[in-house]
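Asks: Coordinates for the following, if possible.
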Amino acid sequence: MSRKQFISAEAHLAKFGVTVQQAIDFISANLDKPEVIYFAAFENGVTNAMLSEITQHSTKVISDYFISADLEPEKLDYTSMLINFDLGELETLVDFNLNVGILSNTSLREAVRPLVNTTQIYDLSFESVFPHIQLNDGIFDADELGVGHLTDVAATSENLESLFYGSLISIFGALDEAELNQIKAFPDDGNSEEFQMLLIEALSDKPTVSWTDEQLVELVRDEAVNVINELWSGNGLVGTLDLSYLGLATM
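Replies: I've put the predicted structure just below:
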């Protein structure tokens, strides 16, 4: 599933002082050099949808143009720091962690940070994906985060970390034990569409029994370690929630 665009190409380009006409001129001057256009778009967080808006060509035409040059157009859509897929109604599961005690951000950090592959990748997981674009105004907008209901979030690592843990808590809060066991038992080589439907259905309803705080800590800790390690395994994804159950349900 493709990512959702929350701001226009014009608004995105304006972040770093470029007009749509300048972008059109740049593309026109390099039509015979798809790699130049591709890497300029990649480095500046310009997605396929934005290129479509700028050029008035469909995203399929743009995708085929890059594929013909042995480039990977889907990677242009991996620019948001939280999630790079259209969450639809599941978007409400993404929120800040306001818990205290053992479910606080500090406590969860202390539980997770020593267990990831290196402490460096833990810290980098909550840094801006494109700092020269995203930190110039001191806020993260909806497009930079990948979630429509989050706007004007202060551009800090602490906020990204809070949104990460808050969302994982929300995800497990939407699952009961039977649903979680069914998800974990799904075969690795099973039908991906069936797995997504399983996740969407499980995340969309309300569980009949709630987890204890102690159970939630274990669930969130294990999922956070797995997601962060996978994030840095070279798959091209950049959102901290891209490989969570929420991301897997919508990618």
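Asks: Surely V112 is in contact with Y122?
Replies: Yes: counting by C-beta atoms under 8 Å, a contact exists between V112 and Y122, whose distance comes to 7.0 Å. The C-beta positions use only the backbone N, C-alpha and C, and glycine is treated the same way.
Asks: Identify the contacts common to the two.
Replies: I228 (C-beta atoms under 8 Å, 6 or more residues apart in numbering).
Asks: Quick one, grab the pLDDT at M1.
Replies: Per-residue confidence for M1 comes out at a pLDDT of 54.
Asks: Can you show me the helices along the protein?
Replies: 9-14, 20-29, 34-43, 48-55, 59-67, 105-112, 119-124, 131-134, 142-145, 157-173, 177-185, 192-204, 213-231, 245-250 (DSSP state H).
Asks: ranking those by mean pLDDT, which is last?
Replies: Within the helices of the chain, confidence is poorest for helix 131-134, with a mean of 62 (mean pLDDT).
Asks: Now stretch 23-40: buried residues?
Replies: Judged by neighbour count (16 or more other C-beta atoms under 10 Å), stretch 23-40 contains these buried residues: A23, I27, P34, I37, Y38.
Asks: With distance to I183 as added columns, please give these in JSON lines.
Replies: As requested, the buried residues of stretch 23-40 are arranged in JSON lines below (distance: C-beta to C-beta, whole Å):
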{"residue": "A23", "distance to I183": "42"}
{"residue": "I27", "distance to I183": "43"}
{"residue": "P34", "distance to I183": "40"}
{"residue": "I37", "distance to I183": "40"}
{"residue": "Y38", "distance to I183": "36"}
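Asks: so which pair among those residues is furthest apart in space?
Replies: Maximum pairwise distance in those, criterion C-beta to C-beta, is 15.2 Å, between A23 and P34.
Asks: ok, G247 - contacts?
Replies: Applying C-beta under 8 Å, 6+ apart as the definition, the contact partners of G247 turn out to be I83, N84, F85, L237, G239, L241.
Asks: quick one: pLDDT of N84?
Replies: Per-residue confidence (pLDDT) for N84: 91.
Asks: Let me know whether it touches K75 as I believe.
Replies: No: between N84 and K75 there is no contact under C-beta under 8 Å: 10.0 Å.
Asks: Counting neighbours, go ahead and name the busier of these two.
Replies: Remark: of N84 and K75, N84 carries more neighbours, 26 against 17, as counted by other C-beta atoms under 10 Å.
Asks: Look up how far S58 lies from the more buried one.
Replies: Look at N84 and S58: by C-beta to C-beta, to the nearest Å, they are 20 Å apart.
Asks: Same question for F164.
Replies: Using C-beta to C-beta, one obtains 34 Å as the distance from F164 to S58.
Asks: And these two? Which one has more around it.
Replies: Each of F164 and S58 had its neighbours counted (other C-beta under 10 Å), and the higher figure belongs to F164 (28 against 11).
Asks: ok, that one - contacts?
Replies: By C-beta under 8 Å, 6+ apart, the contact set of F164 is L82, S125, F126, A224, T240, L241.
Asks: what about 7 Å?
Replies: Contacts of F164 were listed using C-beta atoms under 7 Å, 6 or more residues apart in numbering, and they are T240, L241.
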